[in-house]
Structures are given as structure tokens and as C-alpha cells.
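> when you get a sec, could you give me coordinates for this:
(one chain, ligands or ions: 1)
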Amino acid sequence: MSDSAPGRAVAALRSHLATIADLRAAAAILRWDQETLMPPGGAEGRALQLATLARLAHERLVADESRRLLDAAEAAARGADPASDDAALVRVTRRDLDRAAKLPAEFVAEQRRVSAVATHVWREARRTNDFAVFRPHLEEVFRLARREAEYIGYAGHPYDALVDRYDPGVTARELETLFGRLLEVVVPLVRGIASRAGAVDPAVLDAGFDEAAQRTFALEMVEAFGYDTRRGRLDLSAHPFSTKFHRDDVRITTRYGRRLSAVFGVFHESGHAMYSQGTAPALERSPLAEGAGSGIHESQSRMWENLVGRSRAFWEYAFPLLRRAFPEQLESADAERVYRAVNHVEPGLIRVSADEVTYNLHIVLRFELEKALLTGDLAVRDLPEAWGGRMRTFLGLTPPDDTDGVLQDIHWSSGLVGSFPSYTLGNVASAQLFDAARRAHPSLLDDIRAGRFAALYGWMRDHVYVHGRKFLPSELLQRATGSVLTAEPYVGYLRAKFTDLYGLPA
Ligand code: ZN
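Model (predicted):
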């Protein structure tokens, strides 16, 4: 940042926006506490505190002063290198302000109120397996999502206006093409695996694994990946997440379940956290100090969880360390057995416990349904039936009830319509980025086999993490890999890995 007059105009905008960043960080701390330590009695007071912080941040963003400072900074940064921090700050702030300005304050308040009530009712509906009580609330959520799309505007499908909130620039049409390609590869793969279901045995993971030892092992691994625990920590929560207060305080949580799920949960969240810790210090306390989009963020969690954490190379390195943590449980096991077990494929009803092969089928199902709900082609009252039909088509399963069917996710009740595709975008981008890192470092797999992750971490830091939110997801991928998002590295990865694991005809 220079001391010239143009530099001063951008600096004035930055300092105005820094207050918003601080308010959001404060809210993130309150939410972290709410999920980890807060006693149940704190819920009501906490909701009020969070609402106040959100209101203050929003008011400051849409204030006349923001526009004035942005206009001046925009004029000052004209002609600057588009890849510079100044140009990116102005560009991203303009995008944020324009989007915020399109939504009337009463509408935003109504949306917040509806989703707060809907989430509360959803929990109860899920507990009692009663879709009917949730139905009117879900109708409201989609009515508001439709209105939001109209306020924001779109060229193609109303879905475009919603998905843009999570993955800027992505459209429904692009997603349809992407999912179409994935289905071409995944559906026959699932069928082939079903015919060889016994080929991979997960039983070695069914021995009881002590929680404290799992925690120690998982932390040892993610510290080796590059997660800096002097600038982070690991806690317990009902739903695992990662949260950033500042690049030097990025926390993760996990929960303990069957088959080392906590270990993979820690791998996953540490991927998000390394991204947040690796953002350039110069971007801190600005709107650029976040990821490029949910899909790119998810590419990092999934890369460390799956492309690294579920690779043969990784388990050749990690198995002796896992056995040191669990000598009795793994006495007669070996690296290959654990590698195979952590890649066991089994179509299931629940998205969050799905394996790598079937995971995206859960997403395409949700994508198709929410698109139809948005246009009115599907009525909310017909949703459970439509859900069941697609479960049978895609996964060959019939949900026994709505709790393990249409009521399983919190997303819709929270108003996050359009956010599911981020998970698949992340899977696809993870393979594309990993391939690019391998082209730059041909010995990458040997490094992983030797427990050396610095080349992979360094490549991701330099090509993804440092840039924060400076570039659109498509620009970031283009710069990092030489291509916009393409499904081929990912489908190639899935096909090669699971053809080998299940002994399928090549
Ligand atoms: Zn994630």
C-alpha cells in the first residue's frame, strides 16, 4: 500500500471495512463458543448477541459512507494491476455492496426470522420423524429463496442467483453439465463395485479406538500436513467445523464416531484451516481474507481428507504411527488392509457418512430437487416422494423414514438454498489442483509415502491460500492449473482408484 493519494483512498476504504471484519470475527468467536463450551441455558442470550453483531456489520456495509469510500477508492485504483490487492479489494467490495443493496432490509430480516424458526422446527421434526410439521416452514424458505433470486437477478436459471452467494460465477447450466459427466462415470462404477462388494473389507476399523489416542494421532498427522496448532486448536462439537477469527487463530472441531471417523473429520477440517491460516497477512481484516468460494474451500478439506488421507501412499507412511497408537487393535493388520478399509464403498442413506464414490450422488439428488422446488416444478408436499424416487434411482435404496431421508440436512431449514453443489465442486477441484501440484512436483506421491507434505502444502499455499478472496473461483483455477474447472482429473482419479481397489475390469 503506497502513501500516494490513490493509496490513501484505498486505505480509507480498508480501514472502514476492517471494522466490519472485526465485528464478523467477534461473531465467529461467539458461534465457536456456542458450539463447543456454552451451557444450554446460554442459547437465548447468545442469539441476541449474534443478531446485534450481524446487524452492526450489515449497517456499516450498506452505509452511505461505504459507497462514498468505495467510489473514491475505485477512481484511485483505476488502471491498477487487476491482480493487485488494491484492485481486488475494490472489485470484491463493489460486488458485495451491489449484492447487499439489491436485498431490502425488511426482506433480509424476514429471511433471518423464517430460517431461525424453520431450523428450530426442523430439529423437532427430525427427532419425531414428522415431515408434515416442517412442511409449511420449508415452503416459506423456498418462497423467500425465489424472491431472493428475483431481487438479485439472473440471466439463465433463478438458481444462478443463489449459487452465486457460495460459488461466485457458477451457473445451474454448468452444474448440470458437471453432474451429467459425473453420473456417466459414477453410476457404472457403483454398479461394478456392488458386484464385487466383498472385495474390500472394512472390519479392521471396527475395533474400538480410544478417543484420546485418536485425537493425538489425528493432530500429529495434520501438524505434519501443515496445520499450525500454535495458531489453532482442536475441540469437540456435535457437528465438526472450522472457524477463523484471524489467520493466526483458526480453530477446528471434531466428534468421535465409528471407524476412525474423527480422524478423517480432523483431516477434513484441517484442510479448511490451512487455507485460512495461509491467506496473505496483507489481506487480514479485509473482505479478501476469506476463501475464493465454498467450492474452493471444500477442495482443500477434501484434498487433505481424501486425496492424501485415503491414499495408499499416505497409509504406507501413517500405518506404523497408527499402530503405535493402537497396538492391540492393529496387531495383525498392515498398511494395505487399513488403506482398503478406509476406502470401503457402500451406498447409504446419509450424505455425511457417504464414501468418495457415492458422495456426489447425494449432491446431484439435492441439486435437482432444490432447482425444481425453486421454479415450482416440484411442490414441497411432494418432496419426500421425489426424494425417495431419486434415492432408488441413484443409490438403489429406499429411506425407511424422513429423518434419514429428506430431513437429514440442516441446510434448507437454515435458508442455504444453492449451497449443496459446493461439496461436489470441491471434490472436482481437489483433483484438478492436486494434479497441478503433481505436475510441479513429480515426486509428490513419494514425498507423501515418506511423510513429507511440504511440497504439496507449499504449492497449495502459493497458488490457492495466499490469494484469499482476490479471484473468482474460475480465475483462481485458471491461474493455478491452466484451466477452468474440469471434471476429468476427478473422474479419472475415482475410476483408477476404485477399479484397482475392487478388482474391476479396466
Ligand atoms: Zn468442509
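
> tell me which element residue 493 is part of?
Assessed by DSSP states H and E, residue 493 sits inside helix 488-502.

> ok now that helix, how far from the chain's centre?
Helix 488-502 sits 22 Å away from the centroid of its parent chain (CA atoms, centre = their mean, to the nearest Å).

> check stretch 10-23 too.
Relative to the centre of its chain, stretch 10-23 is centred 26 Å away, using CA atoms, centre = their mean.

> hmm, who's touching it?
Defining contact as CB atoms under 8 Å, 6 or more residues apart in numbering, one finds that stretch 10-23 is touched by 1, 53, 56-57, 60-61, 65-66, 69-70, 72-73, 76-77, 86, 89-90, 93, 284-287, 289. Using the backbone N, CA and C atoms, a C-beta is placed for each residue, glycine as well.

> likewise for stretch 168-185?
Applying CB under 8 Å, 6+ apart, the contact partners of stretch 168-185 are 95, 156-157, 159-160, 163-164, 293, 295, 360-361, 363-364, 367, 371, 421, 424-425, 428, 472-474, 485, 487, 490-491, 494-495.

> now that we have those residues, which of them are buried?
Burial by neighbour count, 16 or more other CB atoms under 10 Å: within the contacts of stretch 168-185 this picks out 157, 159-160, 163-164, 293, 295, 360-361, 363-364, 367, 371, 421, 424-425, 428, 472-474, 485, 487, 490-491, 494-495.

> just the mean pLDDT for stretch 154-162, thanks.
Averaging pLDDT along stretch 154-162 yields 96.

> off-centre distance for it?
What separates the centre of stretch 154-162 from the centre of its chain is 21 Å, taken as CA atoms, centre = their mean.

> same check on stretch 142-153?
With CA atoms, centre = their mean, you get 23 Å for stretch 142-153.

> list the buried residues in it.
If you call a residue buried by 16+ other CB under 10 Å, then stretch 142-153 has these buried ones: 142, 144-149, 152.

> got it, and stretch 69-86?
Those buried within stretch 69-86 under the rule 16+ other CB under 10 Å are 69-70, 72-74, 76-77, 85-86.

> residues in contact with that stretch?
1, 5-10, 12-13, 16, 87-91, 93-94, 97, 280, 282-283, 288, 470-471.

> just list the residues touching residue 9, thanks.
69, 72-73, 75-77.

> burial measure for residue 306, as a count.
25 (other CB atoms under 10 Å).

> same question but for residue 505, I mixed them up
Number of residues near residue 505 (other CB under 10 Å) recorded here: 5.

> where does it sit: helix, strand or coil?
Per DSSP: H, G, I helix; E, B strand; the rest coil, the secondary structure class of residue 505 is coil.

> measure it to residue 465 for me?
Per CB to CB, to the nearest Å, residue 505 is found 40 Å from residue 465.

> my guess is residue 373 contacts residue 142. True?
Yes - here residue 373 lies in contact with residue 142, judged by CB atoms under 8 Å, at a distance of 5.0 Å.

> now for the two: what residues contact both?
Common neighbours of residue 373 and residue 142 (CB under 8 Å, 6+ apart) are residue 380.

> please identify the buried residues of the host helix or strand of residue 190?
Element membership for residue 190 (DSSP H and E) is helix 172-194. Neighbour-count burial for helix 172-194 flags 172, 174-176, 178-179, 181-182, 185-186, 189-190, 192-193 (criterion: 16+ other CB under 10 Å).

> what does stretch 47-66 give?
By 16+ other CB under 10 Å, the buried positions in stretch 47-66 come out as 50, 53, 56-58, 61-62, 66.

> next one: that stretch to chain centre, how far?
Distance, centroid of stretch 47-66 to centroid of chain: 25 Å (CA atoms, centre = their mean).

> hey, C-alpha coordinates of that stretch in CSV?
Taking Å, rounded to 0.1, in the frame of the first residue of the first chain, the C-alpha atoms of stretch 47-66 are listed here in CSV:
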residue,chain,number,x,y,z
ALA,A,47,-28.9,-15.4,19.7
LEU,A,48,-29.5,-11.8,20.7
GLN,A,49,-25.8,-11.0,20.8
LEU,A,50,-25.2,-12.6,17.4
ALA,A,51,-28.1,-10.7,15.9
THR,A,52,-26.7,-7.4,17.2
LEU,A,53,-23.3,-8.1,15.7
ALA,A,54,-24.8,-9.1,12.4
ARG,A,55,-26.9,-6.0,12.3
LEU,A,56,-24.0,-3.7,13.1
ALA,A,57,-21.8,-5.3,10.4
HIS,A,58,-24.6,-5.1,7.8
GLU,A,59,-25.4,-1.5,8.7
ARG,A,60,-21.8,-0.5,8.3
LEU,A,61,-21.5,-2.3,5.0
VAL,A,62,-24.6,-0.7,3.4
ALA,A,63,-23.9,2.8,4.9
ASP,A,64,-23.6,5.8,2.6
GLU,A,65,-20.0,6.1,3.8
SER,A,66,-19.2,2.7,2.3
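
> which one of the buried residues of stretch 47-66 is nearest to residue 478?
Among these, residue 61 lies closest to residue 478 (CB to CB), at 29.0 Å.

> got the contact list for the closest one?
By CB under 8 Å, 6+ apart, the residues touching residue 61 are 20, 96-97, 100.

> from those residues, which is closest to residue 268?
Distance to residue 268, by CB to CB, is smallest for residue 96 among the contacts of residue 61, at 27.7 Å.

> and that closest one, how far from residue 182?
Counting by CB to CB, the gap from residue 96 to residue 182 is 31 Å.

> next one: stretch 59-72 to chain centre, how far?
Counting by CA atoms, centre = their mean, stretch 59-72 is centred 30 Å from the centre of its parent chain.

> phi, psi for the residue positioned nearest the centre of the chain please.
For the chain, residue 298 is the residue whose C-alpha lies nearest the centre (CA atoms, centre = their mean; 3.7 Å). Dihedral angles of residue 298 (phi, psi; degrees, to the nearest 10) stand at phi -70, psi -30.

> which stretches of the stretch 51-200 of the chain form helices?
Secondary structure of the stretch 51-200 of the chain (DSSP state H, counting those that start in this stretch): helices at 64-77, 85-102, 105-128, 131-152, 158-163, 172-194.

> mind putting the ones you listed into a markdown table with distance to residue 324?
As requested, those are exported to a markdown table (distance: least, CB to CB, whole Å):
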| stretch | distance to residue 324 |
| --- | --- |
| helix 64-77 | 54 |
| helix 85-102 | 45 |
| helix 105-128 | 40 |
| helix 131-152 | 47 |
| helix 158-163 | 45 |
| helix 172-194 | 32 |
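
> for the host helix or strand of residue 276, packing partners?
Using DSSP H and E, residue 276 sits within helix 261-278. Judged by 3 or more CB pairs under 8 Å, 6 or more residues apart in numbering; DSSP states H and E, helix 261-278 is in contact with helix 211-225, strand 242-246, strand 249-254, helix 294-302, helix 454-463.
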